[in-house]
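Q: pasting the sequence and the predicted coordinates here, then a few questions.
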Amino acid sequence: MVFPDGFLWGSATAAHQVEGNNVASDFWALEHAAVSRFAEPSGDACDHYRLYRQDLALLRDLGFTSYRFSIEWARVEPEDGAFSRAAIAHYRDVLEACREFGITPMVTLHHFTSPRWLMKLGGWEYEGTPERFAAYCRLVMSELGPLIPYVATINEANIASLTRRMIEDVTGVKPGRASVEQAPVGVGTLQTEGAGDWRTAGADALGTTPENLNLFLFTWSDRGLAVVKRAHVEARRVIKEVSPSTQVGLTLALQDMQSEAGGEKAAAERWAEVFDDYLSAMDGDDFLGVQNYSRVLVDADGAAFHPEGAELTQMGYEFYPQALENVLRRAAAAGLPMIVTENGIGTDDDNRRTHFIRLALEGVERCLADGVDVRGYYYWSALDNFEWMLGYRPTFGLIAVDRSTQQRHVKDSARYLGAIARRNALS
């Protein structure tokens, strides 16, 4: 089967995970707090802020036709209402390089990290956050819109809904507004020792109070979830106003919720929390970004992240690339064209990465054969990068990075996926 003409073949990154020295962001402060839940600081990361042309050339030579990356809000607006012309010029250069190399860019405007100053106002619990986020989006799209054919306003807008339920499954307690200490750093992995000190130290590092330390990833209250949804709606409104030719959507983290005996109702409730509850916010979007890595098994006793004896990835969840097909079929209910904006595996065995990609794309192929509207596939990630609280241990990348020299080393899985992209078909 040949994939549709214009199908987007890409890989993805996030600014904080690859650019390096994102010093104005909330996460940078937390990484360097007196007590930190991060395994290590991000530091220079992959130095992608400087080496982006080299990385884009690699992707082009491999056969990729698209690249998804994020513009960092904290770089563009390092202080409330003060915008950096230098940062805008940098991202213009990245977009111009994409055009030069024949690569279609997809830009994400918020990928987990926020400016430090937002935490002083209350972060993603603050009622004024949607308007401030929209003002940043207006500036970016007014300046760069003609170079951006696709934009995702918020990466995994539902991530807090997903982790809130996940924490409840693991601990039996629904996390509250002040429960950052319960946040998972990997599926099924919780760190609670010294958590109160972490929260206090983090607030001190950001010059705010523990009550205002409402990070995007840990916005678990109903109020916070509503702020995130409204931020997307406000961002879409201004983007459509200043750059009407740009296709606008958001991305959702969607696990394959599989019900077992007695778990049908619970599985349906979990899906509703992470998908159905976001449909109203997507009304008016041009596409849905689908992000999937594995499945969850739900029975009468609760949820399990993998069956006993299953092969696990470095993140602790099951090797199960078949989940992508199931999620795409179910997410088609949104009535929007879908783009797989993230799908991948953290592993040090590149043969397993290649096999994961193959099985996932066979599922996409079956969806297309049945008329499911899928318009692109982005592997996560282009580079081995900073995997948030887990540091540099998990390796998702198609391209390895020697961080002592910043040398890139192309993996066989990158060549495999690039060859598929060039053919626009599985072999």
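A: Okay, I see it.
Q: contacting residues for Val248?
A: Residues in contact with Val248, defined by Cβ atoms under 8 Å, 6 or more residues apart in numbering, are 151, 153, 236, 239-240, 285-287. (C-beta placed from N, C-alpha, C; glycine too.)
Q: 10 Å instead?
A: Residues counted as contacts of Val248 (Cβ atoms under 10 Å, 6 or more residues apart in numbering) are 109, 137, 141, 148, 150-153, 232, 235-237, 239-240, 284-287.
Q: for Ala382, same thing?
A: Contacts here follow Cβ under 10 Å, 6+ apart; on that basis Ala382 touches 10-13, 18, 46, 48, 55-56, 58-59, 62, 64, 67-69, 344, 396-399, 408, 414.
Q: now it: phi and psi?
A: Dihedral pair for Ala382: phi -70, psi -40, per degrees, to the nearest 10.
Q: could you look up the SS state of the nearest residue to it once chain neighbours are set aside?
A: Leaving aside its sequence neighbours, Ala382 sits nearest to Ser11 (Cβ to Cβ, 6 or more residues apart in numbering; 3.9 Å). Recorded secondary structure, Ser11: strand (DSSP: H, G, I helix; E, B strand; the rest coil).
Q: you'd agree Ser11 is up against Val410?
A: No. Counting by Cβ atoms under 10 Å, Val410 is not a contact partner of Ser11; they are 11.8 Å apart.
Q: which one's more surrounded, those two?
A: More neighbours surround Ser11 than the other of Ser11 and Val410, with 29 against 15 (other Cβ atoms under 10 Å).
Q: can you pull the phi/psi pair for the spatially most central residue of the chain?
A: Nearest to the mean C-alpha position of the chain, counting by Cα atoms, centre = their mean, stands Asn155 at 4.7 Å. Main-chain torsions, Asn155, degrees, to the nearest 10: phi -80, psi 130.
Q: contacts only, for it.
A: Asn155 neighbours (Cβ under 10 Å, 6+ apart): 12, 14, 68, 70, 108-113, 216, 250-253, 289, 291, 341-342.
Q: mind doing that once more with 8 Å?
A: By Cβ under 8 Å, 6+ apart, the residues touching Asn155 are 14, 70, 108, 110-112, 250-251.
Q: for Pro321, same thing?
A: Neighbour list for Pro321: 343, 345, 355-357, 359-360, 363 [criterion: Cβ under 8 Å, 6+ apart].
Q: same question for Tyr379.
A: Neighbouring residues of Tyr379 by Cβ under 8 Å, 6+ apart: 10-12, 343-344, 357, 398, 417.
Q: Val107 contacts Ser66, doesn't it?
A: No. Using Cβ atoms under 8 Å, Val107 makes no contact with Ser66, being 11.2 Å away.
Q: so what sits opposite the nearest residue to Asn326 once chain neighbours are set aside in the bridge?
A: Using Cβ to Cβ, 6+ apart and skipping the chain neighbours, the partner closest in space to Asn326 is Asp256 (4.6 Å). Note on Asp256: beta-bridge partners by DSSP bridges are Arg295.
Q: if we can go back for a sec, joint contacts of Ser11 and Val410?
A: Listed as contacting both Ser11 and Val410 by Cβ under 8 Å, 6+ apart are Leu398.
Q: and the residue nearest to Ala382, what is it in contact with?
A: Listed by Cβ under 8 Å, 6+ apart, the contact set of Ser11 reads 59, 64, 67-68, 378-382, 398, 417.
Q: just the buried ones from those residues?
A: Listed as buried from these are 59, 64, 67-68, 378-382, 398, 417; burial here means 16 or more other Cβ atoms under 10 Å.
Q: out of the residues you listed, name the ones that lie in helices.
A: Of the buried ones among the contacts of Ser11, the ones assigned to helices by DSSP state H are 59, 417.
Q: would CSV of the buried ones among the contacts of Ser11 with pLDDT and distance to Ala74 be doable?
A: Compiled in CSV, the buried ones among the contacts of Ser11 are given as follows (pLDDT from 0 to 100; distance: Cβ to Cβ, whole Å):
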residue, pLDDT, distance to Ala74
Leu59, 98, 25
Phe64, 98, 27
Tyr67, 99, 21
Arg68, 99, 19
Tyr378, 99, 23
Tyr379, 99, 26
Trp380, 98, 22
Ser381, 98, 20
Ala382, 98, 21
Leu398, 99, 27
Leu417, 98, 31
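Q: which one of the buried ones among the contacts of Ser11 is nearest Ala267?
A: For the buried ones among the contacts of Ser11, the closest approach to Ala267 (Cβ to Cβ) belongs to Trp380, at 24.8 Å.
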